[in-house]
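Colleague: Fold the following and give me the result.
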Amino acid sequence: MGSRDKRKGGLTLDLAAKLAAAGLVDKKAAEEARAQKAAAEKKAAEQKAAASARRSVASAKRSAAPAPASAPKTAPAQSPGTAAGLAARSRDEQYAAIRTWIERNRLDRGSTPGNDAGPHHFTTAHGKLARLMLEPDVRRQVVDGRAGIVAFMSNHGLAHAAVPRATAEEIHQLFPLWLRVLKNHDGAGKYEEKP
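Modeller: The predicted structure follows:
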């Protein structure tokens, strides 16, 4: 494949040389175009190498960090702490970031609740009754304020999840009405104002 690329480049250079010899293209312009192309290829290669190096470093950091054998659900996950940085981004980027936060931090994992799970009722921003099926330990966290229930834009529309308090507060900074349940938080459970 490398020899093919060389031949391709050679054909391009030969074509430029032929055009310059025929007087259709200025020799100086052909050389400048060649130099620009070489500089662009060099810059692209450097960017690709830098991106690869960043991915390698990130991967090494992830693999070097000791992973807990089994993290209990009662241990609060760390807040992403980037709501301020997301405020200037587009709505789609904000939705995607919050989806990622939810995937990493949600406490009500699993599509099928266990036998001990029970409903936890709350109201949506439109005043409608909703519920999440929560395991007893997650429900205790919601009741005592270590966790909250937030709305978020899933890939299928508006959904709800139980998340640690810090994550719920971050989401509230971006979308105040998405904070549905959080003990001792003034912004929790607000309703959308009707025009």
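
Colleague: By mean pLDDT, flag the weakest helix or strand of this structure.
Modeller: Every helix and strand of the chain was ranked by mean pLDDT, DSSP states H and E. The lowest is helix 2-21, at a mean of 57.

Colleague: other SSEs contacting the strand or helix carrying residue 84?
Modeller: In this structure, residue 84 sits in helix 83-86 according to DSSP states H and E. If contacts are counted by 3 or more Cβ pairs under 8 Å, 6 or more residues apart in numbering; DSSP states H and E, helix 83-86 sits against helix 91-105, helix 165-174. Bear in mind the C-beta positions are built from the backbone N, C-alpha and C, glycine included.

Colleague: where does this protein have low pLDDT?
Modeller: Counting by pLDDT under 70, the ranges of the chain that qualify are 1-17, 53, 55-82, 110-111, 195.

Colleague: Just give me the longest helix of the protein.
Modeller: In the chain, assigned by DSSP state H, the helix with the most residues is helix 27-64.

Colleague: follow-up on the earlier one: list the buried ones in the helix holding residue 84?
Modeller: 83, 86 (16 or more other Cβ atoms under 10 Å).

Colleague: rewinding a little: could you export the helices and strands packed on helix 83-86 as JSON lines, including mean neighbour count and distance to residue 118?
Modeller: Listed next are the helices and strands packed on helix 83-86 as JSON lines, based on neighbours: other Cβ atoms under 10 Å; distance: least, Cβ to Cβ, whole Å:
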{"stretch": "helix 91-105", "mean neighbour count": "16", "distance to residue 118": "21"}
{"stretch": "helix 165-174", "mean neighbour count": "22", "distance to residue 118": "20"}
